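Visitor: structure for the following, please:
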Amino acid sequence: EGVALKNEYLAAMTAGLTVTDEVVVALVERHRAWITQGWGGVEPTREQLVGLGDMYVADERFARHYGGADGANFVRDAIYAWTESAHH
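Guide: Coordinates of the predicted model:
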């Protein structure tokens, strides 16, 4: 799922979708579910999710996973938009 999410985030960014597009919102929701599964069923709080988004940008090892700085910024911005919306 992690690889699928990475590929789909990059495809959305390449297609010019905004971080509030329903396709990207659905990716963030899948991403959150994937994190929850990895954390043994514990859902990340808004703050934890934002912190992960920030880490994707700040740590080049994570940024590389998301296709570099542009991809990491897109994922972080999508997480920010999701947490600031009515989706949480």
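
Visitor: contacting residues around stretch 78-86?
Guide: 9, 19-20, 24-25, 27-29, 31-32, 46, 49-50, 52-53, 88 (CB atoms under 8 Å, 6 or more residues apart in numbering). The way it works is simple: take the backbone N, C-alpha and C, and place the C-beta from them, glycine included.

Visitor: could you dump it to CSV, C-alpha only?
Guide: What follows is stretch 78-86, C-alpha atoms only, in CSV (Å, rounded to 0.1, in the frame of the first residue of the first chain):
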residue,chain,number,x,y,z
ALA,A,78,-2.4,17.3,0.9
ILE,A,79,-2.2,16.2,4.6
TYR,A,80,-2.5,19.8,5.7
ALA,A,81,-5.5,20.4,3.5
TRP,A,82,-7.1,17.3,4.8
THR,A,83,-6.6,18.1,8.5
GLU,A,84,-7.9,21.6,8.0
SER,A,85,-11.1,20.3,6.2
ALA,A,86,-14.2,18.6,7.5
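
Visitor: which stretches of the protein have low pLDDT?
Guide: Applying pLDDT under 70 to the chain flags the ranges 86-88.

Visitor: spatially central residue for it, please.
Guide: Most central in the chain under CA atoms, centre = their mean is residue 75, positioned 4.0 Å from the mean C-alpha point.

Visitor: residues touching that residue, list them.
Guide: Contacts of residue 75 by CB under 8 Å, 6+ apart are 9, 31, 53, 56, 66.

Visitor: report the distance from the strand or helix carrying it to the chain centre.
Guide: Residue 75 belongs to helix 69-84 when assigned by DSSP states H and E. The chain centroid and the centroid of helix 69-84 are separated by 6 Å under CA atoms, centre = their mean, to the nearest Å.

Visitor: in it, what's buried?
Guide: 71-83 (16 or more other CB atoms under 10 Å).
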